[in-house]
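> Need coordinates for the following:
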Amino acid sequence: MSALEQLNGKLLFAIPKKGRLKEKALSLLDGSDVQFNRSDRSDIAFSNNTPVALVFLPASDIPAFVGRGKGALGITGSDCILEYESKEPPTATSGVEQILDLGFGRCKLQVQVPEKGEVERPEQLVGKTIATSFDGLSRKYFRELERKVGGGGQVNGSGEGGEGKLQTNILHASGSVEAAYSLGMADAVVDLVESGLTMRVAGLKPIATVLESSAVLIRSKHPSDPKWVDLLTDRMRGVITAQRYVLCTYNVERRLLDQVHKITPGKRAPTINNLEEEGWVAVQAMVESDRAAVAMDELKAAGAQDILIIKLENTRV
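This next block holds a predicted model:
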């Protein structure tokens, strides 16, 4: 049986095939107990414990794959979704629904110019050549910029979208966008930036942020199996919550509860149980992982004892 025949009846879940999102997406699936085996060269992998087939695609292709109803779920960057929607505006039956911010893959889509150049504001780039792989978002950004500075340009004879012709030249560049500047093909670039190191090495600096992006879970407006879509979403939400929180437990005198409650209010509320020792209680509360050490210090100073931090593997919220 061919791989295409095996896809019949499967819920198709699109995963980035490489880059900044792939490994964390796979880790999230592992925590959600979606088990699968994938050969190095295959772009399709079948789960052996769920009715799911993973389809590995470039992150930029995933919104279209899900938005056109080919896949039920997908993980991609919110920048990719907005780029897709800039070219294919969503309708009642097409497009994607963003259902979960996954909390990783954070970056910025920025306008970058020569570090030692004279350009300090994006308005100075109107009429110049901009290299980018985000054609749709860049056109939208510079069209608004041109309107702002009163440079809407001539009427487009084609009547496309009823918009004036863009004065700024948007040059599509895939792969290493900064190379287009280095080769003298563009005056500036619009590209994703995480640490900014690559751009600094290329002699570029940011002068404007078009948008901020992170990885998101998306779904089709008409998924093939809504029950499994909801179940997988709950599992992934549980994994993300477990990554963001730890369980803090401690003993404290009841008279100090108001004070320690301010330190550990819990995700919803703390759990409090009486101890056999008169006047003492045991408290359990979820605490954000990045403030666990500070919470322990503050609890000890407030009079709490036997303070423990327990890592969470998974949750249901």
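> Name the SS class of residue 171, please.
Of the three states, residue 171 takes strand according to DSSP: H, G, I helix; E, B strand; the rest coil.
> whoops, I mixed them up, residue 190
Here residue 190 is recorded as strand under three-state DSSP.
> That one against residue 109, yeah?
Yes - the criterion here is CB atoms under 8 Å, and residue 190 meets it with residue 109 at 6.5 Å. Glycine gets a C-beta too; all of them are placed from N, C-alpha and C.
> Need the residues touching each of these two.
Listed as contacting both residue 190 and residue 109 by CB atoms under 8 Å, 6 or more residues apart in numbering are 134, 137, 210.
> Which of these fall within strands?
residue 210 (DSSP state E).
> Which one of the shared contacts of residue 190 and residue 109 is nearest to residue 247?
residue 210 (39.6 Å; CB to CB).
> Quick check: nearest residue in space to that closest one, chain neighbours excluded?
The shortest distance from residue 210 to any non-neighbouring residue, by CB to CB, 6 or more residues apart in numbering, is to residue 109 (4.3 Å).
> secondary structure class for the one you found?
Going by three-state DSSP: residue 109 is strand.
> swap in residue 104?
coil.
> right, and it touches residue 24 too?
Yes - with contact defined as CB under 8 Å, residue 104 counts as touching residue 24 (4.7 Å).
> Which neighbours do those two have in common?
residue 215.
> still on that earlier bit, now tabulate the shared contacts of residue 190 and residue 109 in TSV and tack on distance to residue 126, pLDDT and neighbour count.
Formatted as TSV, the shared contacts of residue 190 and residue 109 follow (distance: CB to CB, whole Å; pLDDT from 0 to 100; neighbours: other CB atoms under 10 Å):
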residue	distance to residue 126	pLDDT	neighbour count
134	18	96	25
137	17	97	22
210	15	97	22
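> out of the shared contacts of residue 190 and residue 109, who's nearest residue 184?
Among the shared contacts of residue 190 and residue 109, and counting by CB to CB, the member closest to residue 184 is residue 134, at 21.1 Å.
> how's the protein carved up into domains?
3-104+215-224, 107-213, 245-311 (automatic domain parsing).
> all helices for the chain, in order.
Here the chain has its helices, by DSSP state H, at 3-6, 22-31, 62-67, 78-87, 135-148, 178-182, 197-201, 226-244, 257-263, 292-302.
> shaky segments in the stretch 51-200 of the chain?
151-163 (pLDDT under 70).
> cool, and the stretch 201-317 of the chain?
Judged against pLDDT under 70, the stretch 201-317 of the chain has no low-scoring part.
> tell me the residue furthest from the middle of this structure?
residue 278 (49.2 Å; CA atoms, centre = their mean).
> ok, the residue nearest the centre of the chain - contacts?
Taking CA atoms, centre = their mean as the criterion, residue 215 is the residue nearest the geometric centre of the chain, at 1.6 Å. Residues in contact with residue 215 (CB under 8 Å, 6+ apart) are 21, 24, 25, 75, 76, 77, 78, 101, 102, 103, 104, 105.
> and the helices of the chain as CSV, adding distance to residue 52?
Formatted as CSV, the helices of the chain follow (distance: least, CB to CB, whole Å):
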stretch, distance to residue 52
helix 3-6, 12
helix 22-31, 9
helix 62-67, 14
helix 78-87, 21
helix 135-148, 30
helix 178-182, 38
helix 197-201, 35
helix 226-244, 7
helix 257-263, 42
helix 292-302, 34
